[in-house]
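A.B. asks: generate coordinates for the sequence data below:
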Amino acid sequence: MADSIMNNPVANNLSNGNSLDQLRPIILPDYDVSLWPLAIGWWFLLGIAALLISGFFILRPILKARRENKQLLQNTLSLLDSLHAECAQQTDKPKALQHYLQKSNDVFKRVVHANKYLAPFAQLTGPQWINLVVKINPDSPFANYYGDHLYAARCNEDINLKNLHDWACEWVKQADKNAKKIAREFTR
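C.D. replies: Got it, this is the predicted structure:
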């Protein structure tokens, strides 16, 4: 067995340490080797890179606008919450309801004005404004209070402030969520 290892030229060269001497010389091609034209794999990688870069520049403003819209919605809801807390502490219930109706109506106007689809309707007043308020969240009679009690001398005491506040928060969410559809329906 030791004889077979000694007869093996690869083993002999490895044991002698001169295996590099057995390599053949490098033969260069007769023409210049260039990177162009690129192989199909490189085109594929370049295409993916172009898609990723263009996707970044297309999606970035969309995601930024969505994030800003979400922040605006959260700020509006927190404004309504602080208004509710302020009105809930008042002892004169009709005056507190009147104050909540007036201030939440101002918030509704801001929401409509800030929304790109509903902005043309921000200048509406009177029955037209009430129609828009009803169209945005029609599931409750609270929308009509903004017409009947908004500037009345005294509000009805049978209006529940908590329910009115819940409806107002839902109204803001619906205005944000369905603005395009509402604007399309309201212009008919």
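
A.B. asks: other SSEs contacting the longest helix anywhere in the chain?
C.D. replies: Using DSSP state H to assign secondary structure, the helix with the most residues in the chain is helix 40-88. In terms of contacts (3 or more C-beta pairs under 8 Å, 6 or more residues apart in numbering; DSSP states H and E), helix 40-88 is packed against helix 93-114, helix 161-177. Glycine gets a C-beta too; all of them are placed from N, C-alpha and C.

A.B. asks: mind listing what's buried along the longest one?
C.D. replies: By neighbour count with 16 or more other C-beta atoms under 10 Å, helix 93-114 contains the buried residues 93-94, 96-101, 103-105, 107-109, 111-112, 114.

A.B. asks: and stretch 164-179, by the same measure?
C.D. replies: Taking 16+ other C-beta under 10 Å as the basis for neighbour counts, the residues of stretch 164-179 that come out buried are 164-165, 167-169, 171-176, 178-179.

A.B. asks: now do that stretch, average pLDDT.
C.D. replies: Averaging the model's pLDDT scores along stretch 164-179 yields 88.

A.B. asks: who touches it?
C.D. replies: The list of residues contacting stretch 164-179 from outside it, by C-beta atoms under 8 Å, 6 or more residues apart in numbering, reads 69, 73, 76-77, 80-81, 83-84, 97, 100-101, 104, 107-108, 111-112, 115-118, 133, 136-137, 139-140, 142-143, 145, 182.

A.B. asks: now which of those residues would you call buried?
C.D. replies: For these, burial is judged from neighbour counts taken by 16+ other C-beta under 10 Å, and it is met by 73, 76-77, 80, 83-84, 97, 100-101, 104, 107-108, 111-112, 115, 117-118, 133, 136-137, 142-143, 145, 182.

A.B. asks: low-confidence regions, this protein specifically.
C.D. replies: Scanning the chain with the threshold set as pLDDT under 70 gives 1-17, 148-150, 152-157, 188.
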